[in-house]
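Undergrad: Sequence first, predicted coordinates after that:
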Amino acid sequence: MKKFTLFTPGPAEVPPRVLKALSEPIIHHRSQDFREIFFEVREKLKKLFKTKQDVIVFASSGTGAMEAAVANFFCKGDKVIVVNGGKFGERWTQICKTYGLDVDEIKVEWGYAVEPDDVKKALEKNGNVKGVFIQGCETSTGVEHPIKEIAKIIRETRGDDTLFVVDGITAVGVFDVDMDGWGVDILLTGSQKALMLPPGLSMISASERALKFMEKSDLPKFYFNIKREMKAQREGETAYTPAISLIKGLRESLRMIVDEEGLENVFARHKKLASILRNMVEGLGLKIFAKRPAPGLTTIEIDNAEEIRKKMRELGAWVAGGQDKLKGKIIRIAHMGYYTEGDMIYVGNVLKTCITGN
């Protein structure tokens, strides 16, 4: 018999009560039953995002919401700045260029966070910048970028002329990202991380400032049309067929996060889990790869990373490896969402066994 626990930074573990909701009989999406579920989900998502704005739900991976963030708010040829400090920073660049935006990259060494002053200098150098794109947490390296500080710089230096776009896929629900309070214009996330669901849903919200940009956007969009979805979702429906079971599961996970544990307690738990695991890692003489580590995952420098991963999986702990140039050099262990202190002690001890043989 084999049994394993996922400690990967997406997909992450799904609680039994969420699995139960996912397994319930399907209902029709053009019905009052669905509308009641969806209205509840929409209100709880606003609390999760810390916004008064609509939070739009798409049936897609998080990359779908990233594409929507570009296609709905910008025009061909717009000058934008992308903070590229890993695989997902690279993805912002790829999407922006696909849609014909003029991209200036701030390239950050993998494992490091961007310096806010570097963003300020890029804004000064480029003049008429329409958007700044960044990850709240760069999942490929485990780094947390200084979102609050950068938002302050953009608002103070650019006013309403530049949108701040944050990929919060491993940030929203993991640590504090105050969309309205900090002045983030576009914030997005996915279902398979802190929201404790299988992959398949993405969510995105836009500030009033961003909605004004949306009226002028000339880029093509069909499925990821936020204006169309906003109209439908305010009525408790979606423009196209939604992922009904995932939305039912999302209602259950949001009840756990927002109503029962509470956001601030969730954030504190993630910090504590990170601390427990990192103390165990450092006790083994290993180094944390991220120089500004995010609370949702721990990246560990290991020479024979793929061999260690394989051994850990054989012992029931499924962890992630490095991507691209970090493949074989790091392992990534998640502690966002449905994890406890005991889970961290367990995975830490599995790591110890695989490293020391004891």
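TA: Structure's in. What do you need?
Undergrad: From here on, just use CA atoms for contacts and neighbour counts.
TA: OK.
Undergrad: Contact partners for the residue nearest the centre of the chain?
TA: Compute the mean C-alpha point of the chain, and by C-alpha atoms, centre = their mean the closest residue is Ile169, 0.8 Å away. Neighbouring residues of Ile169 by C-alpha atoms under 8 Å, 6 or more residues apart in numbering: 62, 136-137, 188-190, 193.
Undergrad: Can you turn the buried part of the residues you listed into a PyMOL selection?
TA: For the buried members of these, the matching PyMOL selection, counting by 16 or more other C-alpha atoms under 10 Å, is:
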select buried, resi 62+136+137+188+189+190+193
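Undergrad: Now flag whichever of the contacts of Ile169 is closest to Thr98.
TA: Of all the contacts of Ile169, Gly62 has the smallest distance to Thr98: 17.1 Å, by C-alpha to C-alpha.
Undergrad: The closest one contacts Ser202, doesn't it?
TA: Yes. Here Gly62 lies in contact with Ser202, judged by C-alpha atoms under 8 Å, at a distance of 5.0 Å.
Undergrad: Which neighbours do the two have in common?
TA: Counting by C-alpha under 8 Å, 6+ apart, the shared contacts of Gly62 and Ser202 are 188-191.
Undergrad: can you pull the buried residues of the lengthiest helix in the chain?
TA: Across the chain, the helix with the greatest residue count (assigned by DSSP state H) is helix 263-283. Residues of helix 263-283 classed as buried: 263, 266-267, 269-275, 277-278, 280-281 (neighbour count, 16+ other C-alpha under 10 Å).
Undergrad: TSV for the residues you listed, including pLDDT and distance to Leu101?
TA: Shown next, in TSV, are these (pLDDT from 0 to 100; distance: C-alpha to C-alpha, whole Å):
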residue	pLDDT	distance to Leu101
Leu263	98	36
Val266	98	37
Phe267	98	35
Arg269	98	40
His270	98	36
Lys271	98	37
Lys272	98	41
Leu273	98	40
Ala274	98	37
Ser275	98	40
Leu277	98	41
Arg278	98	40
Met280	98	45
Val281	98	42
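Undergrad: which one of these is nearest Val347?
TA: Val347 has its nearest neighbour among those in Leu277, at 8.1 Å by C-alpha to C-alpha.
Undergrad: and the gap between the residue nearest to that closest one when sequence neighbours are not counted and Leu273?
TA: Taking C-alpha to C-alpha, 6 or more residues apart in numbering as the measure, Leu277 lies nearest to Met344, with 5.6 Å between them; neighbours along the chain are not counted. According to C-alpha to C-alpha, to the nearest Å, Met344 and Leu273 sit 6 Å apart.
Undergrad: can you list residues touching both of the two?
TA: Among the neighbours of Met344, those also in contact with Leu273 (C-alpha under 8 Å, 6+ apart) are His335.
Undergrad: Relative to Asn128, which of the shared contacts of Gly62 and Ser202 is nearest.
TA: Leu188 (24.4 Å).
Undergrad: What backbone torsions are found at the residue lying closest to the closest one once chain neighbours are set aside?
TA: In space, Leu188 comes closest to Ile204 once its chain neighbours are excluded; the distance is 4.2 Å by C-alpha to C-alpha, 6+ apart. The phi/psi pair for Ile204 (degrees, to the nearest 10) reads phi -150, psi 140.
Undergrad: Would you mind confirming that Ile204 is in contact with Ile56?
TA: Yes. Using C-alpha under 8 Å, Ile204 is in contact with Ile56, at 5.2 Å.
Undergrad: Backbone dihedrals for Glu144, please?
TA: phi -100, psi 120.
Undergrad: Sorry, wrong one. I was asking about Gly190.
TA: Dihedral pair for Gly190: phi -130, psi 170, per degrees, to the nearest 10.
Undergrad: Against Asp303, how distant is it?
TA: 31 Å.
Undergrad: Please enumerate the strands of the stretch 1-150 of the chain.
TA: Taking DSSP state E, counting those that start in this stretch as the criterion, the stretch 1-150 of the chain carries its strands at 5-6, 55-59, 79-84, 102-107, 129-135, 137-138, 143-144.
Undergrad: can you list those in CSV and add distance to Ala69?
TA: Below are the strands of the stretch 1-150 of the chain laid out as CSV (distance: least, C-alpha to C-alpha, whole Å):
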stretch, distance to Ala69
strand 5-6, 30
strand 55-59, 11
strand 79-84, 13
strand 102-107, 15
strand 129-135, 10
strand 137-138, 17
strand 143-144, 20
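Undergrad: Just say which of the ones you listed is most tucked in.
TA: For the strands of the stretch 1-150 of the chain, the largest average neighbour count (mean count of other C-alpha atoms under 10 Å) is found in strand 137-138, namely a mean of 30.
Undergrad: Does anything pack onto it? Which helices or strands?
TA: Under the contact definition 3 or more C-alpha pairs under 8 Å, 6 or more residues apart in numbering; DSSP states H and E, strand 137-138 sits against helix 87-98, strand 143-144.
Undergrad: Can you give the domain ranges for the protein?
TA: Using automatic domain parsing, the domain parsing of the chain gives 5-12+263-356, 16-259.
Undergrad: tell me the phi and psi of Glu314?
TA: Phi and psi for Glu314, reported as degrees, to the nearest 10, are phi -60, psi -30.
Undergrad: Now do the same for it: its pLDDT.
TA: Listed pLDDT for Glu314 reads 96.
Undergrad: Lys3 now?
TA: Model confidence at Lys3 (pLDDT) stands at 88.
Undergrad: Repeat that for Val103.
TA: For Val103, the predicted pLDDT is 98.
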